[in-house]
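Following is a predicted model, sequence given first.
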Amino acid sequence: MPALPDVIVIGAMKCATSAVHAYLDAHPDVAMSRPKELNFFNGPETAPHDPGTWWRHGQWHRGCTWYADQFDPDVAVRGEASPAYTAPRSTEVPARMARVVPDVRLVYLVRDPLERALSQWAHHRRDGTEPRPVAQALLDPASEYVARSRYHERLEPFLPWFDRRQVLVVVTERLASRYRAEVARLFGHVGVDPARGEPGPGRPVHVGGGPVPTTTRLREAFREQVGDDVARLRGLLGDDLPEWDR
């Protein structure tokens with residue numbers, strides 16, 4: 001059988017997916033892909049003309065043999081982390097994933113919705129793709145800043161395809177405040193012994209850049225855009241997510 005992944009971190013962008021990729025890879029029974037983001041399950045059926053754009057637009061056209069070749073066949077658990085799998089435009093991903101790896105364990109990270117969006121804005125400012133001031137960008141209904149922070153909306157398309165027990169939702173703030181317990185829960189979810197893989201006490205959670213100055217008006221306006229989705233997420237998880245009310 002091909003060495004397909006046992007665990008996939010599906011997002012969300014700017015919620016410490018790189019840290020979780022590293023935590024999993026540090027366990028002796030886990031090998032995560034290199035590079036981190038394979039972006040296999042999204043993208044067109046046929047190859048775009050420029051290979052330089054394949055990673056950005058998705059690599060589904062490469063086929064499952066190419067995908068399997070990205071993983072170590074000699075470890076107990078293999079994985080990858082591609083936040084693009086829960087991008088609003090990636091509607092094709094859940095069905096493809098269920099067809100290729102129906103038993104995979106999924107990990108989805110969530111963070112205070114506004115803080116996630118601010119981090120994404122800062123990321124795009126650094127790479128030169130976002131010229132607009134923060135308030136204009138975050139409240140633009142045509143942008144993905146709000147959409148990617150609507151976590152229940154992003155996760156919901158996966159739920160008809162995967163048993164709820166296959167999906168672990170990790171709150172990024174808890175990786176910082178109760179690191180050991182959250183990493184142990186992560187290891188347990190992917191099926192490896194937590195006692196064998198502690199990456200080290202207090203390992204920092206990097207979510208990109210420093211704080212972005214905001215106004216009360218922006219915070220209130222943004223929270224109005226995601227409030228209904230946060231309520232649905234709380235109901236799905238049976239968790240009040242008190243970290244986001246501070």
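Here it is on my side, so go on. Computed from a predicted structure; not experimentally measured. Numbering: from 1, shown residues only.

can you map out the strands along the chain?
Assigned by DSSP state E, the chain shows strands spanning 7-9, 30-32, 77-81, 105-110, 167-171.

got the ones you listed as a markdown table, with mean neighbour count, distance to residue 142 and mean pLDDT columns?
Bear in mind the C-beta positions are built from the backbone N, C-alpha and C, glycine included. A markdown table is the format used below for those (neighbours: other Cβ atoms under 10 Å; distance: least, Cβ to Cβ, whole Å; pLDDT from 0 to 100):
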| stretch | mean neighbour count | distance to residue 142 | mean pLDDT |
| --- | --- | --- | --- |
| strand 7-9 | 27 | 27 | 98 |
| strand 30-32 | 23 | 34 | 97 |
| strand 77-81 | 24 | 27 | 98 |
| strand 105-110 | 24 | 23 | 98 |
| strand 167-171 | 19 | 28 | 98 |
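
Mind checking the ones you listed for the one nearest to residue 224?
Judged by Cβ to Cβ, the one of the strands of the chain that comes nearest to residue 224 is strand 105-110, at 18.6 Å.

May I have the strands that pair with that closest one, each with its orientation?
strand 7-9 (parallel), strand 167-171 (parallel) (DSSP bridges).

nearest to residue 105, of the ones you listed?
strand 7-9 (4.6 Å).

what's that closest one in contact with?
With Cβ atoms under 8 Å, 6 or more residues apart in numbering as the test, strand 7-9 has contacts from 17, 20-21, 24, 30, 77-83, 85, 97, 101, 104-109, 189-190.

and residue 84, how many residues sit next to it?
22 (other Cβ atoms under 10 Å).

Relative to residue 184, how far out is it?
28 Å (Cβ to Cβ, to the nearest Å).

repeat for residue 136
On the measure of Cβ to Cβ, residue 136 and residue 184 end up 42 Å apart.

out of these two, which sits in the more crowded spot?
residue 184 (16 against 12).
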